[in-house]
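>>> attaching a predicted model along with its sequence, questions to come.
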Amino acid sequence: MPALPPADTLTVGFAHAAYQLGAEFAARRHPARFFEVRTLDALRSRIAEADVLVVSGLWRNDLVQTAGRLRFIQSISAGTDQFDRDLLARSGIRLASAQGANERAVAEHAMALILSLSRQLHLARDHQSARRWRPMIGERDRREDEIHGKTLVVVGLGRIGLRLAGLARAFGMRVVGVRRRPDPSAPVDAVVPPGRLREVLAEADILALTCPLTPETEGLIGPGELGALKPGAFLVNVARGRVVVEDALVEALRDGRLAGAGLDCFHEEPLPPGSPFWTLPNVVVTPHSAGETRRYETNVVDILMENLDRLGRGEETLRNGLC
Ligand code: GLV
């Protein structure tokens, strides 16, 4: 039996603060009606109309209580830690992630942060704002560096982690992956299970986090892990803020154990005005924008269209299906 009413009686809700998903969907000429909202309040007022909801950061689990028609959520984000999967399953609501939609963007962003830190572009921009032509640096360990021959440890060897590994290897880096189920055929120099994390941190010039937020990864990088890193290493986080113990990170950045960090995600977002990350000179902050790309709407609506077809045909298996 189809899991959704006939396509021409369906209502699809698009809920995102900025992305132009409604326009992209309209261009595909799907027979479903749709609405588009940009705030949580607007979503609350219209969710009861939706058979299908396309949403990411505006989702709150209590919305289920008023989502009487809802049968399917297409996540706009690749990470889906904001959804209570048990609750959705109990409520008869299927969920699919947008894995793949921002894979290239996030991997390229991580690489950009790595290059920015090693070439000190963040400091160059600071000097530019002050119209200061920085003199050449005599002290060798304060200078810009080359990433060729350096070791990158990538925690989370999913699609983003593997793509980052490929980019890093093209720059001549040695890549060590940390993965729950190590796959010896992964195109990296070594893969280890999380139990060996501290051991490989000692080899890391750069630690990149590309894993999902799960009970196993929450707080994975704490004082012990930061202390195990090679002195002078960089950290790049394009995963979720809660993978890192933030106080420990601030301390390691202040006392120089970490040379710098490129951070796209934080415990609290938007990053509060009082956060030390805004002013630490060795930190590059990006506003959870690693996944942004001009291709985003196209990529997500491709996944949505496929899943609407599958649900309409009564298929059990969804593209990127999670429950
Ligand atoms: C972004 O953080 C995503 O999960 O897609």
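Structure received.

>>> start and end of stretch 316-323, how far apart?
10 Å (C-alpha to C-alpha, to the nearest Å).

>>> contacts for that stretch, please.
Residues from elsewhere that reach stretch 316-323 (C-beta atoms under 8 Å, 6 or more residues apart in numbering): 80, 83, 85, 88-89, 94-100, 303, 306-307, 310-311. Bear in mind the C-beta positions are built from the backbone N, C-alpha and C, glycine included.

>>> cutoff 6 Å now
The contact list for stretch 316-323 (C-beta atoms under 6 Å, 6 or more residues apart in numbering) reads 85, 88-89, 95-97, 99, 303, 306-307, 310.

>>> can I get the buried part of these as one PyMOL selection?
To isolate the buried members of the contacts of stretch 316-323 in PyMOL, using 16 or more other C-beta atoms under 10 Å:
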select buried, resi 88+95+96+97+99+303+307+310
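
>>> can the contacts of stretch 316-323 go into a markdown table with extra columns for pLDDT?
A markdown table is the format used below for those (pLDDT from 0 to 100):
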| residue | pLDDT |
| --- | --- |
| Arg85 | 98 |
| Leu88 | 98 |
| Ala89 | 97 |
| Leu95 | 98 |
| Ala96 | 98 |
| Ser97 | 98 |
| Gln99 | 97 |
| Ile303 | 98 |
| Glu306 | 98 |
| Asn307 | 98 |
| Arg310 | 97 |
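
>>> got the phi/psi numbers for the residue of the stretch 151-300 of the chain found nearest the ligand?
Ranking the residues of the stretch 151-300 of the chain by distance to the ligand (C-beta to the nearest ligand atom) places Gly291 first, at 4.4 Å. Per-residue torsions, Gly291: phi -90, psi -10 (degrees, to the nearest 10).

>>> what's the neighbour count on the nearest residue to it once chain neighbours are set aside?
With C-beta to C-beta, 6 or more residues apart in numbering as the criterion, Gly291 has its nearest non-adjacent residue at 3.3 Å, and that residue is Asn102. If you count neighbours by other C-beta atoms under 10 Å, Asn102 ends up with 26.
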